[in-house]
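Peer 1: Using only what follows, build the 3D model:
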Amino acid sequence: LILDTACGSGGFLTVALEKVLGQIKLLYPSKNRDGQRLLLKDYAGKYIHGMDIEPLLFKIAKSYMAILGDGKTNIYHNDSLQDISKFPPRFNEKIKPNSVDIITTNPPFGTKIDITDQNVLKLYELGHKLIEGEPTEELLDGQDPDKLFLERDIQYLKEPHDNEDGGRMVIVLPKQNLSGAEEGSVELRKWLLRKVEVFARKVWGRV
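Peer 2: I've put the predicted structure just below:
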């Protein structure tokens with residue numbers, strides 16, 4: 001299962017589709033183009049999912065996925081940070097917490113876009129004040145959306161068990177989250193290291 005909870009125009013998901021199509025061509029060279037596209041459509045219908053709150057980006061993502069051959073896309077117009085019980089039923093039938101193999105996402109971040117809705121903040125440990133990486137009962141007045149997306153995405157990652165690895169996530173975050181000296185950044189890292197194994201890479205210049 002592949003998921004992007006802030007899929008925007010579908011950039012990461014279309015790359016995933018292109019990668020899968022390349023693998024299909026290697027595995028099924030005897031199939032013609034139409035046959036390979038049918039396999040891609042079947043795969044995408046089962047395993048590739050995205051969600052975004054912006055109606056225009058939602059429409060663009062669906063269009064891009066259809067152009068690549070997906071056809072019946074699993075792209076949802078929805079607020080990914082709300083209570084999971086309020087997600088579209090079709091999404092909840094397919095995607096459950098602790099079930100996703102790969103999350104690749106670039107959640108919104110920047111100045112003056114804090115989440116201040118107390119009904120949303122109370123859903124998250126990161127909506128509360130942290131002490132030594134542990135959530136307290138004290139709700140914050142507001143929280144950066146990228147931090148809430150981080151927690152939401154971790155909730156969906158598959159848990160490791162026995163000899164099987166857990167889910168993997170590639171996420172774009174503000175650099176201060178992983179390197180800042182501010183109390184909030186330090187507490188976030190303490191919280192994060194309780195949840196997952198982190199592989200961080202600092203990129204210099206333009207890519």
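
Peer 1: Per-residue pLDDT of the closest residue to Gln118 other than its chain neighbours, please?
Peer 2: Taking C-beta to C-beta, 6 or more residues apart in numbering, and ignoring the residues beside it in sequence, Gln118 has Leu139 as its nearest neighbour in space, at 6.1 Å. Every residue, glycine included, has its C-beta placed from N, CA and C. Leu139 is assigned a pLDDT of 96 by the prediction.

Peer 1: Could I get the CA-only coordinates of the lowest-mean-pLDDT helix or strand in the chain as CSV?
Peer 2: The weakest-scoring helix or strand in the chain, judged by mean pLDDT, DSSP states H and E, is helix 175-179 (a mean of 84). What follows is helix 175-179, C-alpha atoms only, in CSV (Å, rounded to 0.1, in the frame of the first residue of the first chain):
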residue,chain,number,x,y,z
LYS,A,175,14.8,21.8,8.7
GLN,A,176,14.3,23.1,12.2
ASN,A,177,12.2,20.1,13.1
LEU,A,178,15.3,17.9,12.9
SER,A,179,18.1,20.4,13.7
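
Peer 1: isn't there a helix covering Gly45?
Peer 2: Yes - when classified by DSSP: H, G, I helix; E, B strand; the rest coil, Gly45 is found to be part of a helix.

Peer 1: So what's the residue count around it?
Peer 2: By other C-beta atoms under 10 Å, 15 other residues sit near Gly45.

Peer 1: how much space is there between it and Lys147?
Peer 2: Using C-beta to C-beta, to the nearest Å, Gly45 is found at 32 Å from Lys147.
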